[in-house]
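S.K.: Sequence unavailable; structure follows:
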């Protein structure tokens, strides 16, 4: 009988990968909490209508990449392709938007039917932060500052922050009209997707990866020339703020993001270490989205971090902050002593990971297994240790003599390592 395998584009996590991502996620959540973001959870299944009205009916996500199905009553449902729309839908449904400015965060899997490659899977994990109710540039700037703090905390150096302003709704309409006029003269050189976007949303052509289309848009009109005074002033304040905070950035006038709901500031963090799928964080402002979803007028901004891609670029920088110890018994009669010691050590050293596997084989074989499992320390319990109430500590990664310690000395020794 053939074995059952996982579906294409969906990945398992082995224990080390899961541990690494969990550390990243917990650290990000700690930073979110320090900025007063409150965590929520929304379903992974949403109504299809939510993303048609938010992400945009003519986007690649809605047209090509959503996992869609119908319930038994025929209603269109999807596995969520992104989290912003669902989070705002929750804020509208729950009445939170009526309580004034609020900050929400969430984390979980997203799903898109894309061609799998490095950094791109059909199920991927995002952790996100959204700010509602603040129209001024200070909300955008705080989000950028918080994201930058996260990446600095992880020691990531080889990254770039790319920013652009799409302007307000009126600015976008003027620019789209002018861009369409320009691109229409080169229609024969545009790829099929760009020709479709020319009629639905010309700004999305700036995001094209087609080489011939990129040559055409190289000399296209710049969106900065069409910004309203308010949008231009707001963008300048954000750039001044980034300079004051010492956060480096690159202005990219072709940066539009792949979602139709953005206005004014958009941004991405990229890393060359990720290859072609080099964006690991993206976001911006989306002041129109609340009304598009049936809510009241509400300014909003946010960003999402792709945890899978972040894990790829932080793997090399990871250092294990916690030590590991295995309790080794010389006889099965010492099982209770070993369990009691493991309980006490975990209580007195929160950072210590203690492995207790009972009595398995000879002392030599147990030490070999501990070394194979990359364990830092071994505590040996036998008749002499039980009689004297001392413990034999062996440092498995160092060529040192075995130590005989009282319990308090053992705790102190492990904390000093």
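M.R.: Structure received. As the structure is a prediction and not an experimental result, all values here were calculated from the model. Numbers count the residues shown, from 1 in each chain.
S.K.: If we go by neighbour counts, what in stretch 71-82 is buried?
M.R.: By 16 or more other Cβ atoms under 10 Å, the buried positions in stretch 71-82 come out as 77, 78, 79, 80, 81, 82. (Glycine included, C-beta is placed from N, CA and C.)
S.K.: Pipe those residues into JSON lines and attach pLDDT and secondary structure per row.
M.R.: Shown next, in JSON lines, are the buried residues of stretch 71-82 (pLDDT from 0 to 100; DSSP: H, G, I helix; E, B strand; the rest coil):
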{"residue": "77", "pLDDT": "98", "secondary structure": "strand"}
{"residue": "78", "pLDDT": "97", "secondary structure": "strand"}
{"residue": "79", "pLDDT": "98", "secondary structure": "strand"}
{"residue": "80", "pLDDT": "98", "secondary structure": "coil"}
{"residue": "81", "pLDDT": "96", "secondary structure": "coil"}
{"residue": "82", "pLDDT": "96", "secondary structure": "coil"}
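S.K.: Identify, from those, the entry nearest to residue 139.
M.R.: residue 82 (19.8 Å; Cβ to Cβ).
S.K.: Is residue 368 in a helix, a strand, or coil?
M.R.: helix (DSSP: H, G, I helix; E, B strand; the rest coil).
S.K.: Next one: it from residue 62, what distance?
M.R.: Relative to residue 62, residue 368 is positioned 56 Å away (criterion: Cβ to Cβ, to the nearest Å).
S.K.: out of those two, which sits in the busier spot?
M.R.: Counted by other Cβ atoms under 10 Å, residue 368 and residue 62 do not tie: residue 62 has more neighbours, with 21 against 12.
S.K.: thinking that one is in contact with residue 50, fair?
M.R.: No - assessed by Cβ atoms under 8 Å, residue 62 is found out of contact with residue 50, at 10.4 Å.
S.K.: if I pick residue 122, what's in contact with it?
M.R.: Applying Cβ atoms under 8 Å, 6 or more residues apart in numbering, we find residue 122 in contact with 7, 8, 9, 10, 67, 111, 112, 113, 114, 116.
S.K.: Are any of those residues buried, and if so which?
M.R.: For the contacts of residue 122, a neighbour count by 16+ other Cβ under 10 Å gives the buried set as 9, 111, 112, 114.
S.K.: Looking at the residues you listed, which are in strands?
M.R.: Applying DSSP state E to the buried ones among the contacts of residue 122, the entries found in strands are residue 111.
S.K.: Adding pLDDT and distance to residue 407, write the buried ones among the contacts of residue 122 out as a markdown table.
M.R.: A markdown table is the format used below for the buried ones among the contacts of residue 122 (pLDDT from 0 to 100; distance: Cβ to Cβ, whole Å):
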| residue | pLDDT | distance to residue 407 |
| --- | --- | --- |
| 9 | 94 | 51 |
| 111 | 98 | 51 |
| 112 | 97 | 54 |
| 114 | 91 | 55 |
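S.K.: Using neighbour counts, pick out the buried residues of the host helix or strand of residue 343.
M.R.: In the assignment (DSSP states H and E), residue 343 maps to helix 335-348. Buried residues in helix 335-348, counting neighbours by 16+ other Cβ under 10 Å, are found at 337, 338, 341, 342, 345.
S.K.: Could you point out the helix or strand that follows that helix?
M.R.: Next in sequence after helix 335-348, counting helices and strands by DSSP H and E, comes strand 353-356.
S.K.: that older thread, could you dump the contacts of residue 122 into CSV and include distance to residue 207?
M.R.: Putting the contacts of residue 122 into CSV (distance: Cβ to Cβ, whole Å) gives the following:
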residue, distance to residue 207
7, 28
8, 26
9, 22
10, 26
67, 22
111, 21
112, 16
113, 19
114, 15
116, 21
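S.K.: now, which of those sits nearest residue 125?
M.R.: residue 111 (10.8 Å).
S.K.: Identify the residue nearest that closest one in space, chain neighbours excluded?
M.R.: Take residue 111 and drop its neighbours on the chain: the residue closest to it by Cβ to Cβ, 6 or more residues apart in numbering is residue 79, 3.8 Å away.
S.K.: Report the contact partners of the one you found.
M.R.: Applying Cβ under 8 Å, 6+ apart, we find residue 79 in contact with 44, 45, 66, 67, 111.
S.K.: from those, which is closest to residue 164?
M.R.: Residue 164 has its nearest neighbour among the contacts of residue 79 in residue 66, at 26.2 Å by Cβ to Cβ.
S.K.: May I have the phi/psi pair for that closest one?
M.R.: phi -80, psi 140 (degrees, to the nearest 10).
S.K.: again with residue 351
M.R.: Per degrees, to the nearest 10, the backbone of residue 351 is at phi -90, psi -10.
S.K.: Quick check: it vs residue 203, distance?
M.R.: According to Cβ to Cβ, residue 351 and residue 203 sit 50 Å apart.
S.K.: for residue 35, same thing?
M.R.: Separation of residue 35 from residue 203 (Cβ to Cβ): 31 Å.
S.K.: Which one of these two is surrounded by more residues?
M.R.: Counted by other Cβ under 10 Å, residue 35 and residue 203 do not tie: residue 203 has more neighbours, with 19 against 15.
S.K.: Could you give the number of residues near the nearest residue to that one once chain neighbours are set aside?
M.R.: Nearest-residue entry for residue 203: residue 256, 5.2 Å, with adjacent residues in sequence omitted and distances by Cβ to Cβ, 6+ apart. Residue 256 has 21 neighbours, counted by other Cβ under 10 Å.
S.K.: a strand runs through residue 256, doesn't it?
M.R.: No - assessed with three-state DSSP, residue 256 is coil; it does not lie in a strand.
S.K.: And it, how close does it get to residue 144?
M.R.: 18 Å.
S.K.: which secondary element of this protein has the worst mean pLDDT?
M.R.: Every helix and strand of the chain was ranked by mean pLDDT, DSSP states H and E. The lowest is helix 60, at a mean of 82.
S.K.: Helix or strand next in line after that helix, which one?
M.R.: Next helix or strand after helix 60 toward the C-terminus (DSSP H and E): strand 67-70.
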